[in-house]
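In: need the 3D shape of this:
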Amino acid sequence: MTHLTVGQPAPDFTLPSHLDKDIRLSDYRGKNVVLAFFPLAWTPVCSSQIPWYEADKARFAALDAQVFAISVDSVPCLKAWLDTFNGVTYPVLSDFWPHGAVAQAYGVLRSDGTSERALFIVDKQGILRYIDIHDIDMQPDNEVLLAELRKIDPDAAAKEPKAEKPAAGGSLPSGGVVLYCTSWCPECRRARAWLNERSIPYTEVNINSDPEAAQQVMKWNNGNRTTPTFDINGDVSATFDEKKVMETLKKHGLYG
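Out: Numbers count the residues shown, from 1 in each chain. Predicted structure coming up:
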């Protein structure tokens with residue numbers, strides 16, 4: 001297997017995307033490119049990681065960067081999966097056939113036929129500037145990628161709009177049922193409906209628009225932005241197990 005190093009030219013490739021457009025890496029010379037290899041659609045960490053690039057799409061664009069996510073899934077599989085997120089508008093690429101050929105060229109094809117969870121940054125000249133073969137069970141942090149892009153392209157970073165600082169003294173809600181979620185998460189939609197059907201009051205916190213909430217969810221979930229995450233009077237659950245949630249609600253006298 002090829003093992004790439006920073007400073008090498010990035011292997012060129014052409015792959016189909018879920019947007020019905022073929023993507024050739026070399027066509028993006030003059031832009032910074034983030035390649036985000038992920039193991040498989042329909043899996044828990046990937047189901048948080050891939051929509052998060054959509055949520056931060058404007059931030060990557062401000063650093064003159066294009067994100068491409070890549071898996072060994074077929075295009076129809078990717079389309080069906082991505083439809084559950086209410087729209088992913090950046091290209092997610094299918095390395096299905098020849099199976100895993102691009103993952104193999106980048107040294108990240110696993111023996112089970114899936115890819116590593118791996119990140120590469122390719123600069124505007126087509127040179128690899130950052131490589132992270134990530135823990136496959138943990139979600140990469142976009143803040144790390146954005147910081148690397150700023151180092152790689154200081155000219156783009158100088159033009160980047162300054163992020164607004166959160167208001168001083170901000171604090172997260174506590175007590176009762178607090179649902180940490182995102183707008184795209186299918187399980188979040190199911191959790192909302194389940195709570196509403198039972199007339200259970202809850203406070204919803206969108207971790208995409210609340211950095212403090214995102215950090216808290218990551219602390220609870222070993223670095224992953226897992227949604228939905230329930231905080232029920234201090235009892236935290238990062239999976240929507242209806243039986244477990246109901247038991248916790250009854251334990252705290254919030255149902256039945």
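In: contacts for stretch 15-34, please.
Out: 10-14, 53, 60, 63-68, 70, 75, 78-79, 82, 88-89, 91-95, 102, 119-126, 145, 149, 152-153, 156 (CB atoms under 8 Å, 6 or more residues apart in numbering). Backbone N, C-alpha and C define where each C-beta goes, glycine included.
In: mind checking which of the residues you listed land in strands?
Out: In strands, judged by DSSP state E, the following of the contacts of stretch 15-34 are found: 14, 65-68, 70, 92-94, 119-122.
In: same list, the residues you listed, but as a markdown table with neighbour count and distance to residue 234 please.
Out: As requested, those are exported to a markdown table (neighbours: other CB atoms under 10 Å; distance: CB to CB, whole Å):
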| residue | neighbour count | distance to residue 234 |
| --- | --- | --- |
| 14 | 12 | 52 |
| 65 | 25 | 40 |
| 66 | 18 | 42 |
| 67 | 22 | 37 |
| 68 | 22 | 41 |
| 70 | 26 | 40 |
| 92 | 27 | 38 |
| 93 | 27 | 42 |
| 94 | 22 | 43 |
| 119 | 21 | 35 |
| 120 | 24 | 41 |
| 121 | 23 | 40 |
| 122 | 26 | 45 |
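In: which member of those is positioned nearest residue 5?
Out: Within those, proximity to residue 5 (CB to CB) peaks at residue 120, which comes in at 11.1 Å.
In: can you give me the strands for the chain?
Out: 14-16, 22-24, 32-37, 65-71, 92-94, 118-122, 128-133, 177-181, 203-206, 229-232, 235-237.
In: relative to residue 71, how far out is the closest residue to residue 65 other than its chain neighbours?
Out: In this structure, residue 65 finds its nearest non-sequential neighbour in residue 32, 4.1 Å apart by CB to CB, 6 or more residues apart in numbering. For residue 32, the distance to residue 71 equals 21 Å [CB to CB, to the nearest Å].
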